[in-house]
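> Got a predicted structure plus its sequence, pasted below:
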Amino acid sequence: MKRLLIVILIFCAQGLCAQSTIQITFENDEIGRFPSGWSSRDRKNSIRVYSVQADGEKKFLHADAQDASVQITYDRKWDIRDYPKLCWRWRAVIFPAGSNEQIKSANDSVLGIYVLLSGLPFITAIKYIWSETLPIGTAFNSPHSSGTKIIVIRSGRALAGTWVTEERDMLSDYERSFGKGDNHPVAHGIAILTDSDNTHSRAVGDYADIVITPSK
């Protein structure tokens, strides 16, 4: 028994034990700076839009997009069948004026979080949004790319300024969006986008505590 325990401890030290959760937080980041572990193809503007801030001792990612659209990405690979649950908190502060995510010329969101399923050049993704105008449950192809499936999970201004916790079953959303043909759908990362470039306005929102958990 003692020998078995030693072997288990060695495997865990080498990172070979199964993870119970995948957590993406901002607690170890410096306030006012771009979050560590995240990247963007537009580094200059991403630093202008995204920064780590704090409510008391609790840190979060703050996004302030003035006539801008800059996506940031956290690379992490996992099998959605093994880790299907996605939870996070977000807070809508300022909604882009006149937005409608189904229309290309008005496709801006105060809050958007992606599950990235493949990389360049043929990006596929599930995008969860907080829309000001579209009703909860609305699902459609992005007007910019048919490979991105958008799902409205929060709508309207009633909870603006309030932290809201969300939970999604990524596997169910994946199968509804792309079908059941892929037996092993693999995610490659999480992306965040608060944008206002199409409406030439301003969008402000916050994100925190992104957690990916296995099936029970």
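Everything's here; your move. Numbers count the residues shown, from 1 in each chain.

> give me the element residue 174 is part of.
helix 170-178 (DSSP states H and E).

> Can you tell me what sits against the helix or strand just after that helix?
From helix 170-178 onward toward the C-terminus, using DSSP H and E, the following helix or strand is strand 186-192. Contacts to strand 186-192, defined as C-beta atoms under 8 Å, 6 or more residues apart in numbering, come from residues 24, 50, 61, 63, 71-80, 112-119, 125, 170, 207, 210. Every C-beta, even on glycine, is put in place using the N, C-alpha and C of the backbone.

> Of those, keep whichever come out buried.
Using 16 or more other C-beta atoms under 10 Å as the burial test, the contacts of strand 186-192 include 24, 50, 61, 63, 71-74, 76, 78, 80, 112-117, 125, 170, 207, 210 as buried.

> Can you tell me which of these end up in helices?
residue 170 (DSSP state H).

> before we move on, the earlier item: and the helix holding residue 174, what other elements does it pack with?
Packed against helix 170-178 by the contact rule (3 or more C-beta pairs under 8 Å, 6 or more residues apart in numbering; DSSP states H and E) you find strand 111-118, strand 124-131, strand 148-155.

> Which strands and helices lie in contact with whatever helix or strand comes next after the second one?
Next along the chain after strand 124-131, taking DSSP H and E as the criterion, comes strand 139-141. Helices and strands touching strand 139-141, as assessed by 3+ C-beta pairs under 8 Å, 6+ apart, comprise strand 148-155.
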